[in-house]
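Student: how would this look folded up:
(one chain, ligands or ions: 2)
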Amino acid sequence: MDETLRKLPRKAKDTHNESKKFFAKLKKKPPKNLDVLMQDLHDAEFERTDCLTCANCCKTTGPLFTDKDVQRIAKHFRMKQQQFIETYLRVDEDNDYVLQAVPCIFLGEDNYCSIYDVRPKACREFPHTDRKKFQQISNITLKNVAICPAAYNIVEEMKRRINL
Ligand code: SF4
Ligand code: SF4
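Tutor: Ligands and ions are numbered 1, 2, ... in the order given. Have a look, this model is predicted:
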């Protein structure tokens, strides 16, 4: 996995323009079965990918924390919400709560998430490749393919499978 992660930003850069064009066309004319296809591609890719050998998302980008996330995780630590925010979070340029630093403080050396059962919604959903109307999140996906090898493979497979 180390070698895959080392090469990923370069590969993402090399395919960026082609993927950008593909997503522009996809947005204009999404296939009727896109939701089903994305679920299949996502499931097949994550059958092959062991996130515990990777954790690149937790190491390089943090999630944003919704109010519900803060509520749930603070409760898990038996902390007041404000205390949790002051200890672990900051407000970013979009006015969202994010981690003060990466790698995520909740990531263990074994790549396990120490708050897995109560982790933020954004962590549960990353890299969002099984979400409905996938064509609507092309901008974030173009960024995610440089971080997440599974997202990269899924986008490359989309390009092979969908004729636009
Ligand atoms: S979601 Fe992607 S970046 Fe995160 S651990 Fe799994 S393969 Fe790696
Ligand atoms: S909360 Fe858990 S899943 Fe989310 S970034 Fe941190 S270690 Fe990863």
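
Student: contacts, neighbours, all on C-alpha from now
Tutor: OK.

Student: Which other helices and strands does the longest helix seen in the chain contact?
Tutor: Taking DSSP state H as the criterion, the chain has its longest helix at helix 2-28. The contact analysis (3 or more CA pairs under 8 Å, 6 or more residues apart in numbering; DSSP states H and E) places helix 2-28 against helix 138-144, helix 149-161.

Student: So it, near ligand 1 or not?
Tutor: No - legend: contact between helix 2-28 and ligand 1 by CA under 6 Å from any ligand atom is lacking; minimum distance shown is 8.7 Å.

Student: What of stretch 141-150?
Tutor: Yes - Stretch 141-150 reaches ligand 1 (CA under 6 Å from any ligand atom) through 147-150.

Student: Pick the one among the residues you listed closest to ligand 1.
Tutor: Closest approach to ligand 1 among those (CA to the nearest ligand atom): Cys148, at 3.6 Å.

Student: follow-up on the earlier one: in the longest helix of the chain, what counts as buried?
Tutor: The neighbour-count check on helix 2-28 (16 or more other CA atoms under 10 Å) flags 5, 8-9, 11-12, 16, 19, 22-23, 26 as buried.

Student: angle of it against helix 149-161?
Tutor: Using axes from the mean of the first three to the mean of the last three CA atoms, to 10 degrees, the inter-axis angle of helix 2-28 relative to helix 149-161 is 50 degrees.

Student: which secondary structure elements does the next helix or strand after helix 2-28 contact?
Tutor: Note on helix 2-28: by DSSP states H and E, the next helix or strand toward the C-terminus is helix 34-48. Packed against helix 34-48 by the contact rule (3+ CA pairs under 8 Å, 6+ apart) you find helix 149-161.

Student: For the helix it packs on, give me every contacting residue.
Tutor: 4-5, 8, 12, 19, 22, 41-42, 45-46, 49, 127, 129, 141, 144-146 (CA atoms under 8 Å, 6 or more residues apart in numbering).

Student: Could you identify the pair within the residues of stretch 141-150 next to ligand 1 that is furthest apart?
Tutor: Longest distance between any two of the residues of stretch 141-150 next to ligand 1 is 9.1 Å, between Ile147 and Ala150; criterion CA to CA.
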